[in-house]
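**Q** Here's my sequence, what's the structure:
(one chain, ligands or ions: 2)
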Amino acid sequence: MKDKVNAGIIGATGYTGGELMRLLLNHPHVNLEMATSRKLAGKKVSKKHGHLAGMTDLEFEEFDPIAVRQRCDVVFLAVPHGSAMDIVPQLIDSGLRIVDLSADYRLGMDEFEKVYGLKHRDPRKAVFGLVELHPEVKGETFVANPGCYPTGATLAAAPVVKAGLADVAVFDSKSGITGAGVNPSQASHYPNMAENIQPYKLTNHRHRAEIWQELNALGGLDSVNFTPHVIPAIRGILTTAHLFLNEECSKEDIRQIYDSFYSDCPFVRLVDDIPALGNVRGSNFCDIGFEIDAKSNRLVVISAIDNLVKGASGQAIQNMNLMCGFRETDGLWNAGLAP
Ligand SMILES: NC(=O)C1=CN([C@@H]2O[C@H](COP(=O)(O)OP(=O)(O)OC[C@H]3O[C@@H](n4cnc5c(N)ncnc54)[C@H](OP(=O)(O)O)[C@@H]3O)[C@@H](O)[C@H]2O)C=CC1
Ligand SMILES: CC(=O)N[C@@H](CCC(=O)OP(=O)(O)O)C(=O)O
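**A** Residues are numbered from 1 along each chain as shown. Ligands and ions are numbered 1, 2, ... in the order given. Predicted coordinates for the structure are as follows:
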């Protein structure tokens, strides 16, 4: 692969599109070549994303698969689920590297149709881009970037599941409102958002299937349970994982299991204190901390990520780095915006 690749973003007016551009504009091996929009074609990118003023003169353009194939080496699909599956067939098999941020290729086709209630129109398979569990991303050309909640939840539980120590997992996650995308909703309406916590889809959120798929592949659990909440924050997902252990473990045992599982993972930080959103906001880190409740043999693991970075655009760039033969940390080695 070349030392510098041309990157395109499809659906660049949304939150993850804006975040991709913020990060890619400082990436040592990327030239930001293209940003598409259906509504804002012909308008300057900085008109929509004011934070990028002075950083780029790029204009949004209409999506044109021929132009993408001619001008880009790598393309990010930052479009809603249900639309990526119509775009991928127009781009794939042309030498282009594709990272799809939507949910369209994360699950098997049957599971996708069941969980999303949508007919899938493209049977292709992508590699699931949770690099910490799928190093095979390296050199791949088509990667499905994981969902934001599944990233934090799966990373919190993976080491003990792999060790065969947990039977039941209960994930309780709190997300900032950018997780819901740019379109306003009842949940994002200020009087509902401010000074409030909104639980939703208590037992049937579509991300349960993704968490289940990934943990099951590591050895499995008897049950995976997931309840999301929206909190009055712009970014960040804090997940509390209650993992019911099938044997007694000391703090040192668990620490060793996590240390060893994540020894080659630069973006997972095991912290001695309780992880905080402020420490990861704006960064690609996933901070993980834990405590054992000896009375119930319950391991309580907390993970903190920025939904727009490790939960979406940063992770997509981490995938791109490995797909293109760059260092995993290139363009992403930044501390969070604490406080
Ligand atoms: N927000 C988050 O934290 C995360 C999001 N994701 C996923 O990433 C993808 C993008 O998310 P996000 O940026 O939040 O979404 P947004 O809703 O903020 O933006 C999506 C953009 O896609 C474009 N778009 C909408 N519908 C279509 C369509 N049918 N065909 C082509 N383009 C379309 C729109 O741009 P325009 O109208 O200008 O064309 C829109 O600005 C989604 O699949 C989402 O589920 C994944 C993990 C986390
Ligand atoms: C706070 C909020 O609304 N979060 C979104 C999930 C975030 C996301 O974008 O997930 P996908 O990539 O799988 O669509 C939700 O609950 O649907």
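
**Q** Contacts made by stretch 104-117 with the rest, please.
**A** Under the criterion CB atoms under 8 Å, 6 or more residues apart in numbering, residues 81-82, 84-85, 88, 103, 118-120, 122-126, 128, 142, 144, 146-147, 206, 209-210, 213 lie in contact with stretch 104-117. For every residue, glycine as well, the C-beta is placed using N, CA and C.

**Q** do that again at 7 Å, thanks
**A** Residues from elsewhere that reach stretch 104-117, judged by CB atoms under 7 Å, 6 or more residues apart in numbering: 81, 84-85, 103, 119-120, 123-124, 126, 128, 144, 146-147, 206, 209-210, 213.

**Q** List buried residues within those residues.
**A** The neighbour-count criterion (16 or more other CB atoms under 10 Å) marks 81, 84-85, 103, 120, 126, 128, 144, 146-147, 206, 209-210, 213 among those as buried.

**Q** Tell me which of those residues fall in helices.
**A** Residues from the buried ones among the contacts of stretch 104-117 lying in helices, with DSSP state H as the criterion: 84, 85, 209, 210, 213.

**Q** List just the nearest of those residues to ligand 1.
**A** Distance ranking of these against ligand 1, using CB to the nearest ligand atom, places residue 84 first at 6.9 Å.

**Q** If I look at that closest one, what pLDDT would I see?
**A** At residue 84 the predicted local distance difference test score is 98.

**Q** Would you verify that residue 33 is located in a strand?
**A** Yes. Read with DSSP: H, G, I helix; E, B strand; the rest coil, residue 33 is one of the residues of a strand.

**Q** hang on, isn't it packed against residue 71?
**A** Yes. At 5.4 Å, residue 33 counts as touching residue 71 under the criterion of CB atoms under 7 Å.

**Q** Residues that sit against both of the two, list them.
**A** Residues touching both residue 33 and residue 71 comprise residue 6, with contact defined as CB under 7 Å, 6+ apart.

**Q** So which of the two has more stuff around it?
**A** Counting neighbours by other CB atoms under 10 Å for residue 33 and for residue 71 shows that residue 33 has the greater number, 19 against 14.

**Q** count of residues packed around the residue nearest to the more buried one when sequence neighbours are not counted?
**A** Sequence neighbours aside, residue 6 is the residue nearest to residue 33 in space, at 4.0 Å (criterion: CB to CB, 6 or more residues apart in numbering). Residues near residue 6, counting by other CB under 10 Å, number 17.

**Q** in which helix or strand would I find residue 6?
**A** Assessed by DSSP states H and E, residue 6 sits inside strand 5-10.

**Q** For the helix or strand following that strand, give me every contacting residue.
**A** Reading on from strand 5-10 to the C-terminus, the next helix or strand found by DSSP H and E is helix 15-24. Counting contacts by CB under 7 Å, 6+ apart, the residues outside helix 15-24 that touch it are 7, 9, 11-12, 30, 32, 35, 45, 49, 51-52, 76, 78, 101, 178, 181-182, 308-309, 312-314, 316-317, 331-332.

**Q** taking those residues one by one, which sit in strands?
**A** Among the contacts of helix 15-24, the members falling in strands (DSSP state E) are 7, 9, 30, 32, 35, 76.
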